[in-house]
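> mind folding the following:
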Amino acid sequence: MSESVWVHVHRPSGHYIGQTRGWGRKRWTTVTGRCTSPEAAMARAVLKMRANDKGARVLFVDNSGWYEPNLCMECTR
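Presented below is the predicted three-dimensional model:
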């Protein structure tokens, strides 16, 4: 008797955005547009950091609208 196995492959389509946050701030500010890789989004966010910014992060945004943005990378000074 053979059993069938179903494999669900989750490969969402979406884009990455970079954000920065200032010292003592709670809100993140989006400083990049749509990027195709998390490394490119982080590089753009770090280059746009000002002197009073504490950290940068990269979010993956799913195009389907079913999922919340997912944190991929984060860095602090």
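
> so Val58, which of the three states?
For Val58, the secondary-structure state derived from DSSP: H, G, I helix; E, B strand; the rest coil is strand.

> tally of neighbours for it?
By the criterion of other Cβ atoms under 10 Å, Val58 has 26 neighbours. Where you see a C-beta, it was placed from the backbone N, CA and C, and this is true even at glycine.

> so who does it touch?
Tyr16, Ile17, Gly18, Gln19, Pro38, Ala41, Met42, Ala45, Leu71, Cys72, Met73, Glu74 (Cβ atoms under 8 Å, 6 or more residues apart in numbering).

> ok, so of the residues you listed, who is nearest His10?
Cys72 (15.5 Å; Cβ to Cβ).

> contacts only, for Cys35.
When contacts are counted by Cβ under 8 Å, 6+ apart, Cys35 touches His15, Tyr16, Ile17, Gly18, Ala41, Arg44.

> what about the helices in the chain?
Per DSSP state H, the chain carries helices over the ranges 38-47.

> where does pLDDT dip in it?
Residue ranges of the chain with pLDDT under 70: 1-2.

> list the contacts for the residue positioned nearest the centre of the chain?
Nearest residue to the geometric centre of the chain (Cα atoms, centre = their mean): Leu59, 1.3 Å. By Cβ under 8 Å, 6+ apart, the residues touching Leu59 are Tyr16, Ile17, Gln19, Pro69, Asn70, Leu71, Cys72.
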